[in-house]
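Asker: need a structure here:
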Amino acid sequence: MWLCKCDCGAETTVVSSDLKTGHTRSCGCFNLDRIQERNFKHGSCFTRLYKTWANMNSRCYTHSATRFAEYGGRGISVCEAWKDDFSSFRLWAEAMGYSEKMTIERRDVNGNYEPDNCIWIPLPEQSRNTTKTIDIEIDGVSMLQIEWMRKYEISACAFHARRKAGMLPKDIILELRNRVKRKSPKNKLKEAA
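Answerer: Numbering: from 1, shown residues only. I've put the predicted structure just below:
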């Protein structure tokens, strides 16, 4: 038995025959390095972009995924170029202006994840292009439900309580808009005069 010092600085005990035959060439770090090199693909598995790619695949192909019914369950898939190749997805993303403040968006919500149907947009804009987006027209003006709620300072609690009671979104906006108008300081001054 020999006490040997590896090139990496670690010490290990080795049998004479293993030293003579060349069976042992390191403390074990050489094999670990080779395994890591073999398994290293892109070095991005902890990035936000990688998580976006993994979640996109999960929504489309993992039946137990929370949102599978809205994606894979509706027949939405990921193109062959991206499905099993993160590097290909990353190259497209970088060429299309990806940044940490952007989110992937499908132009056609019923279309697949593929280069011709996907773009990067700021997260707040993504809410406009979903199957759950409710567009409401009031007095000839069309806005998203959330925009009407912001405009008239309608709380989500008030809105959802009425929705649970069976009211339609437009009727809720109209009712709560009228309450906001009655409570505004301008109207209180008119009533006092």
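Asker: Thr13 is in what secondary structure piece?
Answerer: Using DSSP states H and E, Thr13 sits within strand 11-14.
Asker: who's in contact with that strand?
Answerer: Met1, Trp2, Leu3, Cys4, Lys5, Cys6, Thr24, Cys27, Gly28 (Cβ atoms under 8 Å, 6 or more residues apart in numbering). C-betas here are computed from N, CA, C, even on glycine.
Asker: do that again at 6 Å, thanks
Answerer: Met1, Trp2, Leu3, Cys4, Lys5, Thr24, Cys27 (Cβ atoms under 6 Å, 6 or more residues apart in numbering).
Asker: which residue sits closest to the second one, ignoring its sequence neighbours?
Answerer: If I follow you right, that is Trp2. In space, and not counting its chain neighbours, Trp2 is closest to Val14: 5.3 Å by Cβ to Cβ, 6 or more residues apart in numbering.
Asker: please report how far that neighbour lies from Phe30.
Answerer: 13 Å (Cβ to Cβ, to the nearest Å).
Asker: these two: who's more crowded?
Answerer: Taking neighbours as other Cβ atoms under 10 Å, Val14 and Phe30 compare with Val14 leading, 17 against 14.
Asker: tell me which stretches of this protein form strands.
Answerer: Along the chain, the stretches classed as strands by DSSP state E are 2-5, 11-14, 102-106, 118-122, 135-138, 141-144.
Asker: can you redo these as TSV with distance to Ser87 and mean pLDDT?
Answerer: Below are the strands of the chain laid out as TSV (distance: least, Cβ to Cβ, whole Å; pLDDT from 0 to 100):
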stretch	distance to Ser87	mean pLDDT
strand 2-5	39	86
strand 11-14	37	86
strand 102-106	16	89
strand 118-122	17	88
strand 135-138	38	82
strand 141-144	37	82
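Asker: list the contacts for the residue most central in space within the chain?
Answerer: For the chain, the residue nearest the mean C-alpha position is Thr52 (4.8 Å; Cα atoms, centre = their mean). Listed by Cβ under 6 Å, 6+ apart, the contact set of Thr52 reads Ile104.
Asker: distance check, it against Thr66.
Answerer: Distance from Thr52 to Thr66, by Cβ to Cβ: 16 Å.
Asker: do Leu176 as well
Answerer: Leu176 is 31 Å from Thr66, by Cβ to Cβ.
Asker: so between the two, which is more surrounded?
Answerer: Leu176 (19 against 9).
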